[in-house]
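Predicted model and sequence follow; I will ask about them next.
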Amino acid sequence: MSVNPAGDIDEQPVIFCVTSSPSKRARIARLMGGTGTLLMFSDLNSVRKILLCETEEISSSLPTAEMVALGRLVIDADRQEVSWAGRVLPLTRIEREVLTALASPPLRVWTYRQLYERAWGADYLDDASAVRSTVKRLRAKLRDADATVCVESMRGVGFSLVDTGR
């Protein structure tokens, strides 16, 4: 709401945009053309935090995400932590997201597109280099931890997680 020179109140729209896609958020902003107020959020949790003033106390009473376990690999989504045999692995957020996707049941082959959209939360632009680089770092960190799980390539398709059980 604003006041014009005549002292009248001008009402302007307030638009809420909730999407993980940066390209879609940019498109909405262009469509608005500077009129009204545009509030952009990447997910509903962000909306809740802003609009409902949720704090950690409130959100901690909500149901927690499941832990994913594969052998001695444990992924705790609530704590944003991945461990192998009780030892926390130093993973980045993107590496955690990729590993969480690969370890989620049922185990399957994830395409480059699926991994990118899940981990980065953005539209895949047919550039597999970011996924390959992340998987390369993830493999090295799993190897350094002497993990028996490893990321296998499915040439031209994507990646899967396997437990070699060595």
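That came in fine, so what should we check first?

doesn't Val162 make contact with Glu152?
Yes: contact status for Glu152 versus Val162: in contact at 5.4 Å, counting by Cβ atoms under 8 Å. (Each C-beta comes from the backbone N, C-alpha and C, glycine too.)

how is the protein carved up into domains?
Listed by automatic domain parsing, the domain ranges of the chain are 2-60, 67-163.

okay, those domains in CSV with mean pLDDT and mean neighbour count next?
Formatted as CSV, the domains of the chain follow (pLDDT from 0 to 100; neighbours: other Cβ atoms under 10 Å):
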stretch, mean pLDDT, mean neighbour count
domain 2-60, 67, 12
domain 67-163, 91, 16
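
Go ahead and list the helix or strand containing the spatially most central residue of the chain.
The residue lying closest to the centre of the chain (Cα atoms, centre = their mean) is Ala119, at 4.5 Å. Using DSSP states H and E, Ala119 sits within helix 112-120.

Same question for Ile75.
Going by DSSP H and E, Ile75 is part of strand 73-76.

picking that back up, got the contact list for the residue nearest to the centre of the chain?
Ile94, Glu97, Val98, Ala101, Val131, Thr134 (Cβ atoms under 8 Å, 6 or more residues apart in numbering).

for Gly158, same thing?
Val109, Trp110, Thr111, Tyr112, Gln114, Leu115, Val131.

again with Glu95
By Cβ under 8 Å, 6+ apart, the contact set of Glu95 is Thr134, Arg137, Leu138, Lys141.

where do the helices sit along this protein?
22-32, 44-51, 56-60, 93-103, 112-120, 129-144 (DSSP state H).

quick revisit: so how far is the helix holding Ala119 from its chain's centroid?
9 Å (Cα atoms, centre = their mean, to the nearest Å).
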